[in-house]
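Chemist: Kindly return the folded structure for what I paste below:
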Amino acid sequence: QVQLVESGGGLVQPGGSLRLSCAASGSIFSIYAMGWYRQAPGKQRELVATITNSGRTNYADSVKGRFTISRDNPKNTLYLQMNSLKPEDTAVYYCNANLRRVPTQFTETYWGQGTQVTVSS
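Modeler: Coordinates of the predicted model:
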């Protein structure tokens with residue numbers, strides 16, 4: 001089995017910063033693309049940022065210049081540094097990984113359980 005466990009969410013004032021982490025564990029052969037998504041109350045889940053295993057990144061327009069996605073491949077860990085946070089960033093943040101398990105020959109997509117980020121004064 002594979003697990004993705006997020007951490008680092010919380011309550012922060014507008015303009016503040018948070019760093020989310022997502023640790024993948026289990027029978028993992030290789031992790032390919034990883035990403036962060038978020039879902040605000042009453043809204044659909046949306047992409048925040050993605051990163052390939054070679055480090056190529058992609059961001060939603062709403063977070064460009066404020067959020068930075070990164071990963072530590074040896075540790076199977078994904079990060080999201082969030083700066084200049086706004087109330088509209090309030091959501092549950094989910095990590096996502098496209099990976100291959102041992103001993104399979106195909107890729108699968110896994111999701112974490114989510115971590116709440118609340119931006120409020």
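
Chemist: Next, the contact list for the residue most central in space within the chain, please.
Modeler: Centroid-nearest residue in the chain: residue 36, 2.9 Å away (criterion: C-alpha atoms, centre = their mean). Applying C-beta atoms under 8 Å, 6 or more residues apart in numbering, we find residue 36 in contact with 20, 22, 47-50, 69, 78, 80, 93-96. (Each C-beta comes from the backbone N, C-alpha and C, glycine too.)

Chemist: where exactly do the strands run in this protein?
Modeler: Secondary structure of the chain by DSSP state E: the strands cover 2-7, 10-12, 18-26, 28-39, 46-51, 57-59, 67-72, 77-82, 91-101, 107-111, 115-119.

Chemist: Next one: the residue nearest to residue 106 when sequence neighbours are not counted, what pLDDT does it get?
Modeler: Leaving aside its sequence neighbours, residue 106 sits nearest to residue 100 (C-beta to C-beta, 6 or more residues apart in numbering; 7.0 Å). Listed pLDDT for residue 100 reads 94.

Chemist: which residues does residue 76 contact?
Modeler: Residue 76 sits in contact with 23-25, 28, 31, where contact means C-beta under 8 Å, 6+ apart.

Chemist: for residue 79, same thing?
Modeler: Residue 79 neighbours (C-beta under 8 Å, 6+ apart): 19-22, 69-72.

Chemist: Since that was my last question, I'll sign off now.
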